[in-house]
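# sequence and predicted structure are below.
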Amino acid sequence: MITNGILSVLHGARDQETRPERAFDNLAPGRMEKVVLGVMLGLLFTGSCRGQCSSVASTPQAAADCAARATAESKIASLDTSDRYSLGELIDIGEHNNPTARIAWERAKQSAESLGIAKSEYFPVLAGIAAFGDSRSISPFPAALIPKGYSMVEVPFVQPEVTLDYLLFDFGKREAKVDAATAQKLAAGANFIQTNQDVAFEVATAYYNLVTAQERLQAARETLKTAQTTQDAAEVQLANGRSTMPDVLNARAETAQAVFDLESAEGDEMVTRVLLSEAIGVEPTPHILIDAEENAPIPESLTLTIEELIDRAIASRPDLAAQAAAIRAAGDEVRSARADYLPRIALSASVAQTSLWPTSDSGRLGNASMPTWSATLGVQWRIFDGGARKHALREAESKRREEQDKMTDLRDRTTREVWSAYIGFRTAVQKERAAVALLTSATTSYDASLEAYKYGVRTLVDVVTAQRQLAQARLSSVAARSGLFLGAVDLEFVTGNLLRNQPPATALHEEKQ
């Protein structure tokens, strides 16, 4: 049971305006309609991607800008246990609810705010200060002038003041910090896209695992029916005197084994439901229902060569884009560290209104309320700092080399993952074809053995052997079919093509002429 249009939703979202009753319809900060190609089924799907900023997260810059503007949505979706959800709808819920996706979104927003902080250093800092005070002092005087030999003076004052600090020139340190923050913002945007793809892949895998579990459950039911058919035939033969009780007991044992396998399949199917609900970020529950269709066309061939797949991965994978931005940020940190060797030119100024009302026990003093000000243009140049700048520069250069080494490793890993997915898909295609042939052969063999047994030509052992082969063939067919779809999803994932509208890497059986 594979949904028609299953992987098309991994390149874009679905038309949810036709289903306004969804609990998650209000979760996204904005709506964006887009037309996308299907990964496997090659169908055009129109819809809106409902995750936080996911509707415009086509590039790291777009994702970062959206995160900077959007407001976090705290509402968490809840599932309607009476409704069936498509893969696209599950991915939409996962993009918004999955904690990993929410964390990546917040980090992208934090990086955008860090860029704003770095840019603010180009502006002066104004501060307002208001001072209110009162002071009393004693001054000694000759007794000839003041009989007490001292004078007591009290000075209440009020001084509102505005100060200005303005860094005029720093030989590129602020520029380097802004460039580094910009690169970090782009890296956070790329990581946000990568996280969305990770979530989509996780949800799709859990979805297919549930589809596989449901097909295994159906296969277990069919195997039970086959075992019961074999048992009925054995008991009829026993009643006609053409079989023995050990044969019947053997057939009953096979039926009991089929019942056991059916119970196990039912339990596995419930567990995969829980895992799927966990993957989309809602409270784990076995009551989630999915919308799937039978007899959907399957991916049969590749539309790109291995070289083209590797080139697409290098150009499209968000993690590579994030690492490139990290290298750029590390280079800017080196520039910032080098700028510390050069002087800084800064302007400091203040203006105030000072008001005084002094009094003295030896006579009246004059009041004053006058504006006061000061201005300073200073040059600061650290001559010696115990090697702090030298070590900071070496640390920044080491971090840059580290990021470059990470890029080399990531590119190699990307190529390896594409090769593995490429080989895995081609192998899955051959396994699926072999599984179809095996199931056809096993079905024919069982039918023939059962018919021959009814006429006394074959023994029950032959029938049971054919029955077991048929059961194994059914499971092999389920595993091969699911493995083929998962292989196609993996191929799109490792090339960075999930949730994007590039042409799919696989072609469908129906597309071949």
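Sure thing, it's come through. The structure displayed is predicted, hence computed values, not measured ones. Residues are numbered from 1 along each chain as shown.
# hey, let's count contacts and neighbours off CA atoms from now on
OK.
# how about the strands in the stretch 301-450 of the chain?
Taking DSSP state E, counting those that start in this stretch, the strands of the stretch 301-450 of the chain run over residues 344-356, 359-360, 363-364, 368-380.
# need those strands in JSON lines (columns: mean pLDDT and distance to residue 249).
As requested, the strands of the stretch 301-450 of the chain are exported to JSON lines (pLDDT from 0 to 100; distance: least, CA to CA, whole Å):
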{"stretch": "strand 344-356", "mean pLDDT": "91", "distance to residue 249": "95"}
{"stretch": "strand 359-360", "mean pLDDT": "81", "distance to residue 249": "119"}
{"stretch": "strand 363-364", "mean pLDDT": "68", "distance to residue 249": "125"}
{"stretch": "strand 368-380", "mean pLDDT": "91", "distance to residue 249": "98"}
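# for residue 290, find the nearest of these.
strand 344-356 (63.8 Å; CA to CA).
# and the contacts of the closest one?
Identification of contacts with strand 344-356 by CA atoms under 8 Å, 6 or more residues apart in numbering yields 155-171, 367-381.
# and the nearest residue to residue 243 once chain neighbours are set aside, how many neighbours does it have?
Take residue 243 and drop its neighbours on the chain: the residue closest to it by CA to CA, 6 or more residues apart in numbering is residue 237, 5.1 Å away. Using other CA atoms under 10 Å, residue 237 has 21 neighbouring residues.
# kindly report the same for the one 3 residues further on.
The local packing count at residue 240 equals 9, with neighbours defined by other CA under 10 Å.
# adding distance to residue 425 as columns, could you present the strands of the stretch 301-450 of the chain in a markdown table?
Shown next, in a markdown table, are these (distance: least, CA to CA, whole Å):
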| stretch | distance to residue 425 |
| --- | --- |
| strand 344-356 | 60 |
| strand 359-360 | 95 |
| strand 363-364 | 100 |
| strand 368-380 | 64 |
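# the helix or strand where residue 94 lies packs against which elements?
Using DSSP states H and E, residue 94 falls within helix 87-97. When contacts are defined as 3 or more CA pairs under 8 Å, 6 or more residues apart in numbering; DSSP states H and E, helix 87-97 packs onto helix 99-119, helix 173-239.
# let's see it at 7 Å
Helices and strands touching helix 87-97, by 3 or more CA pairs under 7 Å, 6 or more residues apart in numbering; DSSP states H and E, are helix 173-239.
# ok, then the element right after the helix it packs on?
Counting by DSSP H and E, what follows helix 173-239 is helix 245-279.
# buried set for that next one?
Buried residues in helix 245-279, counted by 16 or more other CA atoms under 10 Å: 247-248, 250-252, 254-255, 258-259, 261-262, 265-266, 268-279.
# determine how far that helix lies from the middle of the whole chain.
36 Å (CA atoms, centre = their mean, to the nearest Å).
# and what of stretch 94-102?
The answer for stretch 94-102 is 7 Å, by CA atoms, centre = their mean.
# so the residue nearest to residue 243 touches residue 245, yeah?
No - if you go by CA atoms under 7 Å, residue 237 and residue 245 don't touch, sitting 10.0 Å apart.
# in TSV, list the strands of the stretch 301-450 of the chain along with mean neighbour count and distance to residue 409.
What follows is the strands of the stretch 301-450 of the chain, written out as TSV (neighbours: other CA atoms under 10 Å; distance: least, CA to CA, whole Å):
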stretch	mean neighbour count	distance to residue 409
strand 344-356	17	40
strand 359-360	16	78
strand 363-364	10	83
strand 368-380	12	43
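# of all those, which one is nearest residue 317?
Comparison of those against residue 317 by CA to CA identifies strand 344-356 as nearest, at 41.2 Å.
# CA atoms of that closest one as CSV?
Taking Å, rounded to 0.1, in the frame of the first residue of the first chain, the C-alpha atoms of strand 344-356 are listed here in CSV:
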residue,chain,number,x,y,z
ARG,A,344,41.5,52.5,17.2
ILE,A,345,40.3,56.1,16.8
ALA,A,346,37.3,57.0,19.0
LEU,A,347,35.4,60.1,19.9
SER,A,348,34.0,60.7,23.3
ALA,A,349,31.8,63.7,24.2
SER,A,350,29.3,64.8,26.9
VAL,A,351,27.1,67.7,27.5
ALA,A,352,25.3,68.5,30.8
GLN,A,353,23.4,71.2,32.6
THR,A,354,24.9,71.6,36.1
SER,A,355,22.8,73.3,38.8
LEU,A,356,24.3,74.1,42.3
